[in-house]
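[1] Take a look and give me a structure for this.
(one chain, ligands or ions: 1)
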Amino acid sequence: MTVTLTDEADVDTRGRPAVSVSNVVKRFGHGPDAVVALDGVDLIVRPGEFVCLLGASGCGKTTLLNLLAGLDRPTSGTVTVDAARPAVMFQEPALMPWLTARRNVELPLRLAGMRAAERRRRAADLLELVRLGGQGDKRPHELSGGMRQRVALARALASTGHAPDAAARQVTERAAASSTGDVAGLPAGEAAAGRRREPADGRRDGVARRRVRPAAAASGSGEADATTPAALHPPRPAARPSPDSAHRLLLMDEPFGALDAITRDVLQAELLRVWHATGTSVLFVTHDVREAVRLAQRVVLLSSRPGRVVQQWSSDGGTALVEEITDRLREVISSHAGA
Ligand SMILES: Nc1ncnc2c1ncn2[C@@H]1O[C@H](COP(=O)(O)OP(=O)(O)OP(=O)(O)O)[C@@H](O)[C@H]1O
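    The predicted structure follows:
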């Protein structure tokens, strides 16, 4: 079943969004040479939700991710992130070559001031979670490209403050023991039921809610024609989070783009398993429609530059949806080419 999300009245208001982007405009430079990368973007990611942001090259996907990561500021509009420390993962794993895999994962924990014994334990758990339990003492050059991205994923989870809890470990262990289903690790009964996690309704102590204000006064140029994020009726099973995972956010910018097709396929499955085990909110940027449909609960399509949300779909992972979105993407690209 494919559900196209277009109606503001459907917005699920339960729980505070993990990400809220409202009428965001991002312009680089000034005057006639200015590049308008984003023009009136509205987007919501709910706690524990997996959203893929899809669009043609240059439509502003990375720009939007940078705003969410706090690496840049919008020209106008509002960006609100309900996470203590959003973690960002890029196409390149960007590991420290002189550190072992374990020490790379420990790095954000060390920077956060965690004691040595505790960070060693957490790093070991996280490496186990990404199935690199026996590889912690290897340096990046001793690992394959896919393994390096797994280390980068473990490090990203560490920097969100994630520590696999008992429930997450159980799911991971079940995943290791079972190879059935599209989403390994979810008990078959739960996967079949497509059970949906209720959004968190409370705020965890110490969790910052970052609201990014524009660098300059609002220009008023952002047209409010974006499709407003709407209700999610996922036919796909939702994540099984630990109690405070609602405040963890992973921002992923084409993390598997540089990998070969087979490794990419394996890592997509691994990412779904880890998402199910941790319940972390994920915003994943890609230009690959198949990847978006496979991974996401919701696929959000941006127009060609300047980027704005043109359509959203609840994803069932099916090929019919791949075709529907590909057709729409073609339309979007050709309408831009003719503009
Ligand atoms: N710092 C900058 N200064 C000037 N222009 C920029 C800057 N960063 C991005 N842009 C421009 O903004 C537009 C959007 O860029 P962005 O990298 O966000 O696109 P993208 O959708 O991520 O592209 P791709 O899929 O190819 O990575 C592009 O036209 C780009 O040239």
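[2] C-alpha only now, for contacts and for neighbours.
    Noted.
[3] Can you tell me how far residue 50 is from residue 335?
    Distance of residue 50 to residue 335, computed by CA to CA, to the nearest Å: 29 Å.
[4] Between the two, which is the more surrounded one?
    Using other CA atoms under 10 Å as the criterion, residue 50 and residue 335 rank with residue 50 on top: 26 against 12.
[5] do stretch 70-80 and the ligand meet at all?
    No - using CA under 6 Å from any ligand atom, stretch 70-80 never reaches the ligand; the gap is at least 9.2 Å.
[6] got the buried residues for that stretch?
    70, 72, 73, 74, 75, 76, 77, 78, 79, 80 (16 or more other CA atoms under 10 Å).
[7] tell me the phi and psi of residue 290?
    Here is the backbone geometry of residue 290 (degrees, to the nearest 10): phi -60, psi -40.
[8] ok, the nearest residue to it once chain neighbours are set aside to the ligand distance?
    Using CA to CA, 6 or more residues apart in numbering and skipping residues adjacent in sequence, the residue nearest residue 290 is residue 322, 5.9 Å away. To the ligand, residue 322 is 18 Å away according to CA to the nearest ligand atom, to the nearest Å.
[9] Would you agree residue 322 is in contact with residue 291?
    No - at 9.2 Å, residue 322 does not count as touching residue 291 under the criterion of CA atoms under 8 Å.
[10] any chance you could map the helices in the protein?
    61-69, 101-111, 116-129, 145-159, 166-177, 188-193, 261-278, 289-295, 319-337 (DSSP state H).
[11] I'd like to know which elements the longest one is packed against.
    To tie it back to what came earlier, the one meant is helix 319-337. helix 289-295 (3 or more CA pairs under 8 Å, 6 or more residues apart in numbering; DSSP states H and E).
[12] Identify the residues contacting residue 96.
    Counting by CA atoms under 8 Å, 6 or more residues apart in numbering, residue 96 touches 104, 140.
[13] ugh, wrong one, I meant residue 127
    Neighbours of residue 127 in contact, by CA under 8 Å, 6+ apart: 102, 105, 133, 136, 151, 154.
[14] contacting residues for the fifth one?
    Same thing as residue 151. 93, 101, 104, 105, 127, 130, 132.
[15] Show me how the record splits this structure into domains.
    For the chain, the TED database gives the domain ranges 31-83+247-338, 96-161.
[16] With mean pLDDT as new columns, can those domains be given to me in a markdown table?
    What follows is the domains of the chain, written out as a markdown table (pLDDT from 0 to 100):
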| stretch | mean pLDDT |
| --- | --- |
| domain 31-83+247-338 | 90 |
| domain 96-161 | 92 |
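[17] so can I have JSON lines of those showing distance to residue 89?
    Conversion of the domains of the chain to JSON lines gives the following (distance: least, CA to CA, whole Å):
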{"stretch": "domain 31-83+247-338", "distance to residue 89": "5"}
{"stretch": "domain 96-161", "distance to residue 89": "7"}
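[18] Tell me the spacing between the closest residue to residue 110 other than its chain neighbours and residue 108.
    In this structure, residue 110 finds its nearest non-sequential neighbour in residue 119, 7.2 Å apart by CA to CA, 6+ apart. Using CA to CA, residue 119 is found at 9 Å from residue 108.
[19] Check residue 281 too.
    Counting by CA to CA, the gap from residue 281 to residue 108 is 19 Å.
[20] Looking at the two, which one has more neighbours?
    residue 281 (28 against 19).
[21] wait, isn't that one in contact with residue 18?
    Yes - Residue 281 is within contact range of residue 18, at 6.9 Å (criterion: CA under 8 Å).
[22] Give the residues shared as contacts by those two.
    Once CA under 8 Å, 6+ apart is applied, the residues that residue 281 and residue 18 both contact turn out to be 45, 46, 47, 48, 246, 247, 248, 249.
[23] Pull the number of nearby residues for the first one.
    Counted by other CA under 10 Å, the residues lying close to residue 45 total 21.
[24] give me the number of residues near the closest residue to it other than its chain neighbours?
    With sequence-adjacent residues excluded and distances taken as CA to CA, 6+ apart, residue 45 is closest to residue 19, at 4.9 Å. When neighbours are defined as other CA under 10 Å, residue 19 has 24 of them.
[25] got the CA coordinates for stretch 265-275 in PDB?
    What follows is stretch 265-275, C-alpha atoms only, in PDB (Å, rounded to 0.1, in the frame of the first residue of the first chain):
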ATOM      1  CA  ASP A 265      23.100  -3.700   0.200                       C
ATOM      2  CA  VAL A 266      24.600  -5.300   3.300                       C
ATOM      3  CA  LEU A 267      25.000  -2.000   5.100                       C
ATOM      4  CA  GLN A 268      21.500  -0.900   4.300                       C
ATOM      5  CA  ALA A 269      20.200  -4.000   6.000                       C
ATOM      6  CA  GLU A 270      22.600  -3.400   8.900                       C
ATOM      7  CA  LEU A 271      21.500   0.200   9.300                       C
ATOM      8  CA  LEU A 272      17.800  -1.000   9.500                       C
ATOM      9  CA  ARG A 273      18.800  -3.500  12.100                       C
ATOM     10  CA  VAL A 274      20.700  -0.900  14.200                       C
ATOM     11  CA  TRP A 275      17.800   1.500  13.800                       C
END
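[26] Lovely, talk soon.
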